[in-house]
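Peer 1: I'd like to go over a predicted model; first the sequence, then the structure.
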2 protein chains.
Amino acid sequence: MAVYTELAAETLEAFLATYDIGQLVSFHGIAEGVENSNFLLRTTQGDFILTLFERRVQASELPWFLGLMQHLAQAGLTCPLPVNDREGKPLKILAGRPTAITTFLPGVSASVLDEGLCRELGAALAKLHLAGKGYSATRRNALAPDAWGPLLRSCSGTGDTILPGLTSELEQGLERIVAEWPAKDALPTGQIHADLFPDNVFFRDGQVSGLIDFYFACTDFLAYDLAICLNAWTFTDERIFNSAFFMALLEGYEAVRPLSAAEKNALPILCQGAAMRFLLTRLYDWINTPANALVTRKDPLAYLWRLRHFQGRH
Amino acid sequence: MAVYTELAAETLEAFLATYDIGQLVSFHGIAEGVENSNFLLRTTQGDFILTLFERRVQASELPWFLGLMQHLAQAGLTCPLPVNDREGKPLKILAGRPTAITTFLPGVSASVLDEGLCRELGAALAKLHLAGKGYSATRRNALAPDAWGPLLRSCSGTGDTILPGLTSELEQGLERIVAEWPAKDALPTGQIHADLFPDNVFFRDGQVSGLIDFYFACTDFLAYDLAICLNAWTFTDERIFNSAFFMALLEGYEAVRPLSAAEKNALPILCQGAAMRFLLTRLYDWINTPANALVTRKDPLAYLWRLRHFQGRH
């Protein structure tokens, strides 16, 4: 939640001269994005987002992400479109950092969910999956099940300081998930967002107006992306499962892309896996972030309740 | 340089319903403003800045500041116009904080100055002084010469750790400034900005397009405001006085509002005073801000060179 790199107007004006998007009118650092510097940019031709990639995203992976976003936007998805410079390149260097300009999307994230929003989100996710067809370059999911064991072991029992018995519960849960995880070719695979939480979705008048933050996107089971959304969108802040939201999201998805029988059968274990993935990264961050850091630590246990729910334990 | 208060879209939508400025389209926390939370707000009717006042500004003083900005904007100055709600109030409460919406001003701050910008700035400052006429409510300058002695004493010799002999040099400098400071009615008085540094001035195509951040504004000698700008705009980063910038700023000012003989005579001591004021607050902040804090400490000595310059010592 911070701008890391400060930019002088003169520097930005010179940078914009390499694009064909008009002259600088105004720019403001915005408090958004994870470990990137983002600026809301107005030119004489419109509004854009300027992103300087600071750390988390590997520079070598940026062409894949930007290429995916260009492919999706050109296929009609409401995602940011990376803008090419006069030489046809979307990825540049500014202030020593890999930098991209994308189109600005209007809309606001929902803090209060309802069935209608869940249905819209489901449909938008399915459209994303269909739009991803034809983008043939693949990116391995760095946070797939084979990464979860090492992640849990790197927390080496510290989880028990948060909840006694947590580590062994996760070991057992993980063992079952890995054992039952679908084989590589068992389910339809494609480009997935992999982090489509409510703060990455903009709405206007109850319709999805933008999907953002594609820097966890990868190539994996499409139904796993759905499982991530079912985790992220269908539990209240009080960790209570909302079956109406769950059904609405699923219906919205299937109205655009019906699930196969194999996908439906796999959904419970995929939902357990998605809960495990966010539980483990939150646990890791919890342990490795000082309590007084400016970054808000996210409660790992919120995903333990989800894991137990999808295990049928409550 | 941070957003302190997070806002949910639903909260903001309900807040906007008390205004007549359209429906929410998007909002982004912007990394600007000193200890306030600022949001760039787009509605179906245009762009606005939403400010939640967090700490520095005393809530009881906000009506004076907002009233001044409304007066100046209505007099034609390019400053943010506080927008009234449906009941005619510009100051409201949101998320428990005093809150105002102002119009959005395009333009960017200049990092690289030149004579043309200094001339424009001088003219804009004089227009501000003329536009302030008729706003009869006064606000005492809390950082006037009578405050500087206590401020220096509160640093109690710590200045010498930055530069040996600094404290006694400042004591002597201050004694002379206070002795020579013009009497209350000796110079034209009015509403002054009192902090018109380059980051508070927007330009478009070499013209001033906006003056912002009026939360140091007060009622004082108009020529003292000019002295502050002469300090802030006419020295390079390397602390070298640029006489061409100085002359351009003065000419720009006088083209709109010619100085009286008394003001011209007082200018050297007013410039020393302005240097002293920023030197002392920077010194105070330097001593009271941990070196590892996220806030950038500003070098007090940059203003010692200015003070010496206006003392005629180099």
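Peer 2: That came through, no problem.
Peer 1: was I right about residue A:266 contacting residue A:226?
Peer 2: No - counting by Cβ atoms under 8 Å, residue A:226 is not a contact partner of residue A:266; they are 10.3 Å apart. No exception for glycine: its C-beta is placed from N, CA and C like everyone else's.
Peer 1: what's the neighbour count on the residue nearest to residue A:211 when sequence neighbours are not counted?
Peer 2: Beyond its immediate neighbours in the sequence, the residue positioned closest to residue A:211 (Cβ to Cβ, 6 or more residues apart in numbering or on different chains) is residue A:79, lying 4.9 Å away. As a burial measure, residue A:79 scores 25 neighbours (other Cβ atoms under 10 Å in any protein chain shown).
Peer 1: Ramachandran coordinates for residue A:191?
Peer 2: phi -80, psi 120 (degrees, to the nearest 10).
Peer 1: now residue A:201
Peer 2: Main-chain torsions, residue A:201, degrees, to the nearest 10: phi -130, psi 120.
Peer 1: who's more crowded, residue A:266 and residue A:226?
Peer 2: residue A:226 (27 against 22).
Peer 1: and residue A:11, helix, strand or coil?
Peer 2: Here residue A:11 is recorded as helix under DSSP: H, G, I helix; E, B strand; the rest coil.
Peer 1: Surely residue A:45 and residue A:24 touch.
Peer 2: No - using Cβ under 8 Å, residue A:45 and residue A:24 do not qualify as a contacting pair, with a distance of 10.7 Å.
Peer 1: So for these two, which sits in the more crowded spot?
Peer 2: When residue A:45 and residue A:24 are compared on other Cβ under 10 Å, the one with more neighbours turns out to be residue A:24, at 22 against 12.
Peer 1: Name the nearest residue to that one, sequence neighbours excluded.
Peer 2: Nearest-residue entry for residue A:24: residue A:13, 5.1 Å, with adjacent residues in sequence omitted and distances by Cβ to Cβ, 6+ apart.
Peer 1: before we move on, what about residue A:107?
Peer 2: Counting by Cβ to Cβ, 6+ apart, residue A:107 lies nearest to residue A:202, which is 2.9 Å off, once chain neighbours are set aside.
Peer 1: In terms of secondary structure, what does the host helix or strand of the one you found contact?
Peer 2: Per DSSP states H and E, residue A:202 falls inside strand A:201-204. Based on contacts counted as 3 or more Cβ pairs under 8 Å, 6 or more residues apart in numbering or on different chains; DSSP states H and E, the elements that strand A:201-204 packs against are helix A:115-131, strand A:207-211.
Peer 1: one more time with 6 Å
Peer 2: For strand A:201-204, the contact count by 3 or more Cβ pairs under 6 Å, 6 or more residues apart in numbering or on different chains; DSSP states H and E identifies strand A:207-211 as packing neighbours.
Peer 1: Paired strands for the strand it packs on, with orientation please.
Peer 2: Strand A:207-211 sits in its sheet next to strand A:201-204 (antiparallel), going by DSSP bridges.
Peer 1: what about the partner strand, average pLDDT?
Peer 2: Confidence over strand A:201-204, taken as the mean pLDDT, stands at 96.
Peer 1: got a list of contacts for that strand?
Peer 2: Residues outside strand A:201-204 that contact it (Cβ atoms under 6 Å, 6 or more residues apart in numbering or on different chains): A:105, A:107, A:110, A:209-211.
Peer 1: and the two most separated of those residues?
Peer 2: Taking every pair in those and measuring Cβ to Cβ, the maximum separation is 14.6 Å, between A:105 and A:110.
Peer 1: Looking at these two now, which is surrounded by more residues?
Peer 2: Residue environment comparison for residue A:105 versus residue A:110 gives the larger neighbour count to residue A:110, 21 against 18, counting by other Cβ under 10 Å.
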